[in-house]
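1. Below is the sequence, then the predicted model.
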Amino acid sequence: MFQLSDYKESADYIRSRLNGFSPAYLLILGSGLGVLADQARGPIYIPYSEIPNFKTSTAPGHAGRFVCGELGGKPVIIMQGRVHFYEGYSAEEVAYPVRVAKLLGVHSLIVTNAAGGINLGYKAGDLVALKDFIKLGLPNPLIGKNIPEFGPRFPDMSYVFDKGYFKLIKEAAAEQGIALKEGVYFYATGPQYETPAEIRAFRILGGDVVGMSTVHECITAAHAGMKILGISLVTNMAAGVLDKPLTEEEVLKEAEAAKDRFARLLLNFLQRV
């Protein structure tokens, strides 16, 4: 279990590298979506491996570093790649960077991911603004002794995704001529892709997209009182929707094809917020 002192040690190290720069927004970029970080102005790069108590990213399409700078006119700290539960890390370790960002002065989280399409009205390449998530009984980053400096013992999860941010991202999409779906994210641990039977069950339960990330970070950010925007890129239809196997190459290929559209959408959002 991490102590408040561990988070402070990490935050102090990052702050020592920022030369007075103070981020207000944390962007977590999912598989193949790290290209947005390349557009940051005055970038400062901090590999996770250099930060005390941090874990390194091993997933394909994840650079594994912070990029700090200005994006869309806003001061941001960008996670160019994240760590996942399926890499062998605990839920607390996966969500660790969110609390560190909070100590740096970050008030908002913009979290993105590559996801499989459960909703039969979706197709590969669709962008989905998240309204809610389903985790069921899987590991929770808040289990253990509560750290009251971050939030209460029993945090409310009625409004994880900020309604104002949801409205702004829809306006940004409309201005850019980008079709934006809205839906519910279903969390599965991975690393295996889900079975067709599981996907049918997830659809019945109300899931629109499925993925192996995002939820731990959102729970931790909501606990800490941060405003949250979530965006999924549908990189493939989930198992059983189409009669073909799933591959990680397909995920990265679709992310590459969508990178310009994705970047335009988030830049427009940051300019509005």
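-> Received the coordinates, thanks. Numbers count the residues shown, from 1 in each chain.

2. switch to C-alpha atoms for all contacts and neighbour counts from now on
-> Noted.

3. Helix or strand: which one has the residue nearest to residue 125 when sequence neighbours are not counted?
-> Distances taken as CA to CA, 6 or more residues apart in numbering place residue 234 nearest to residue 125, at 5.4 Å, with adjacent residues excluded. According to DSSP states H and E, residue 234 maps onto strand 227-237.

4. quick one: strands adjacent to that strand?
-> If you go by DSSP bridges, strand 227-237 pairs up with strand 108-117 (parallel), strand 127-134 (antiparallel).

5. so which of the ones you listed gets nearest residue 258?
-> Proximity to residue 258 (CA to CA) singles out strand 127-134 among those, at 8.9 Å.

6. Provide a list of residues in contact with the residue lying closest to residue 165 once chain neighbours are set aside.
-> Residue nearest to residue 165 in three dimensions, not counting chain neighbours: residue 229, with 6.0 Å by CA to CA, 6+ apart. Counting by CA atoms under 8 Å, 6 or more residues apart in numbering, residue 229 touches 109-111, 129-130, 161-162, 165-166.

7. give me that answer again for 10 Å
-> Contacts for residue 229 (CA atoms under 10 Å, 6 or more residues apart in numbering) come out as 27, 108-112, 129-131, 160-166, 168-169, 218.

8. hmm, which of the residues you listed are the buried ones?
-> 27, 108-112, 129-131, 160-162, 165-166, 168-169, 218 (16 or more other CA atoms under 10 Å).

9. Now do residue 208 against residue 165, distance only.
-> 20 Å (CA to CA, to the nearest Å).

10. tell me which element residue 216 is part of?
-> Assessed by DSSP H and E, residue 216 sits inside helix 215-223.

11. Kindly calculate the angle that that helix makes with strand 227-237.
-> Helix 215-223 runs at 160 degrees relative to strand 227-237, counting by axes from the mean of the first three to the mean of the last three CA atoms, to 10 degrees.

12. Give me the helices and strands touching helix 215-223, please.
-> Counting contacts by 3 or more CA pairs under 10 Å, 6 or more residues apart in numbering; DSSP states H and E, helix 215-223 is packed against helix 91-103, strand 108-117, strand 127-134, strand 180-187, strand 227-237.

13. pLDDT averaged over the longest one - what is it?
-> The average pLDDT within helix 91-103 is 97.
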